[in-house]
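Visitor: Attaching a predicted model along with its sequence, questions to come.
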Amino acid sequence: MSTVATRNRGPSQAARTTRASHGGEDADSAGWTFLTNHSHVLLCLVTDPQLPLRDVALKVGITERSVQRIVGELEVAGYLVRRREGRNNRYVIRRNLSLRHPIEMHKRLGDLISMVLGA
């Protein structure tokens with residue numbers, strides 16, 4: 001029997017391209033961002049509340065399954081509400097809720113959205 005070694009290839013090409021195109025360092029050397037995937041997913045849904053989750057996944061540079069998990073967690077925590085409209089979902093963001101970490105909980109989600117998107 002032969003064993004095939006696999007290698008973790010790191011972020012997807014889409015994620016590397018996204019980082020590089022937004023004024024970051026060389027995409028391969030950046031390796032991290034100030035905001036989490038949770039905030040990236042949420043910001044995508046603020047920008048387009050009916051964006052299909054597969055498109056969110058492409059924009060964020062993670063799998064569709066990861067986006068589904070994140071949306072579920074944001075829903076359980078009350079930060080977003082999923083509304084069914086025909087065959088599509090529409091996401092309503094609850095901007096008035098406080099951020100979760102003790103360092104930032106004096107700020108609201110809407111403050112984060114305004115800072116990043118100016119919306």
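Guide: Structure received.
Visitor: Is the residue sitting nearest the centre point of the chain part of a helix or strand, or is it coil?
Guide: The centroid of the chain falls nearest to V41 when counting by Cα atoms, centre = their mean (2.2 Å). At V41 the chain is in helix, as set by DSSP: H, G, I helix; E, B strand; the rest coil.
Visitor: would you list every one of the helices in the chain?
Guide: Residue ranges of the helices in the chain, as given by DSSP state H, are 13-21, 27-30, 37-47, 53-60, 64-76, 109-117.
Visitor: okay, and the helix or strand of this structure with the least pLDDT?
Guide: Least confident helix or strand of the chain, by mean pLDDT, DSSP states H and E, is helix 13-21 with a mean of 52.
Visitor: So for R90, which of the helices of the chain sits nearest?
Guide: helix 37-47 (9.3 Å; Cβ to Cβ). No exception for glycine: its C-beta is placed from N, CA and C like everyone else's.
Visitor: what mean pLDDT would you report for that closest one?
Guide: Across helix 37-47, the average pLDDT comes to 98.
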